[in-house]
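S.K.: Structure for the following, please:
(2 chains)
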Amino acid sequence: GEDVEQSLFLSVREGDSSVINCTYTDSSSTYLYWYKQEPGAGLQLLTYIFSNMDMKQDQRLTVLLNKKDKHLSLRIADTQTGDSAIYFCAETSGSARQLTFGSGTQLTVLP
Amino acid sequence: DTEVTQTPKHLVMGMTNKKSLKCEQHMGHRAMYWYKQKAKKPPELMFVYSYEKLSINESVPSRFSPECPNSSLLNLHLHALQPEDSALYLCASSRQGANEKLFFGSGTQLSVL
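M.R.: From the prediction side, this is the model:
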């Protein structure tokens, strides 16, 4: 079946860049997403990328997709304390038809 | 309006109680979802409604009963729950269905005593 993996924890200093990585196994993935979840809240869709793209930029967020290696990353420039949250990578494909989530990466921003 | 609204935000219930979780969206989305999320874990899909018909039930126990009264509303009826059912229950919607981005509500934090 489909599998999406992420590292569990990342700590960065305020003002630095954060890079959160994700790998997936389904080569038929169509869309890949990044969701942010703050404590006690639902999931907020941050950004997404279609599988025929290799990069998408949206203000402080840059998504890179390496389809050959099935690797997705989210770069947050000038990381702020408000960026502290759990970040979930997710993908959909023709076979799964529903979202498959990674385990989530807890980002901690240190002052 | 790009919101999915869930009520209540918090719910405490005993194992013999009957309660309902409610979800509403006014984005014209035709697919709605229930997810269960344990602390520090990814959401797990429970049910999917597509055009007001139940299209996916991920082998959820019958003590959870979904209902879609119309295209904007989704309910989850709870009866005879167990303490291990305590979790954050998230509702989501998407424009039509598979392979589309999901918009999530803020969830109902459920505690079963």
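S.K.: So in terms of bridging, what pairs with the residue nearest the centre of chain B?
M.R.: In chain B, the C-alpha closest to the average C-alpha coordinate belongs to B:W34, at a distance of 3.0 Å (CA atoms, centre = their mean). Beta bridges link B:W34 to B:F47, B:C91, judged by DSSP bridges.
S.K.: So it versus A:T108, what's the distance?
M.R.: Distance of B:W34 to A:T108, computed by CB to CB, to the nearest Å: 30 Å. (Glycine included, C-beta is placed from N, CA and C.)
S.K.: what residue ranges in chain B score low on pLDDT?
M.R.: The model of chain B has pLDDT under 70 over residues B:1-2, B:98-99.
S.K.: where do the strands sit along it?
M.R.: With DSSP state E as the definition, chain B shows strands at residue ranges B:4-7, B:10-13, B:18-25, B:31-37, B:44-50, B:53-57, B:64-70, B:73-79, B:87-94, B:103-104, B:108-112.
S.K.: any chance of these in TSV, plus distance to A:S73?
M.R.: Conversion of the strands of chain B to TSV gives the following (distance: least, CB to CB, whole Å):
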stretch	distance to A:S73
strand B:4-7	28
strand B:10-13	35
strand B:18-25	31
strand B:31-37	24
strand B:44-50	25
strand B:53-57	30
strand B:64-70	36
strand B:73-79	34
strand B:87-94	24
strand B:103-104	22
strand B:108-112	31
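S.K.: Of these, which is nearest A:T25?
M.R.: For these, distance to A:T25 was read as CB to CB. The smallest value, 18.3 Å, belongs to strand B:44-50.
S.K.: Near chain B, which residues of chain A? Just list them.
M.R.: On the criterion CB under 8 Å from any CB of the partner chain, chain B has as its neighbours in chain A the residues A:30-31, A:33, A:35, A:40-45, A:48, A:86, A:88, A:92-94, A:97-99, A:101-104, A:106.
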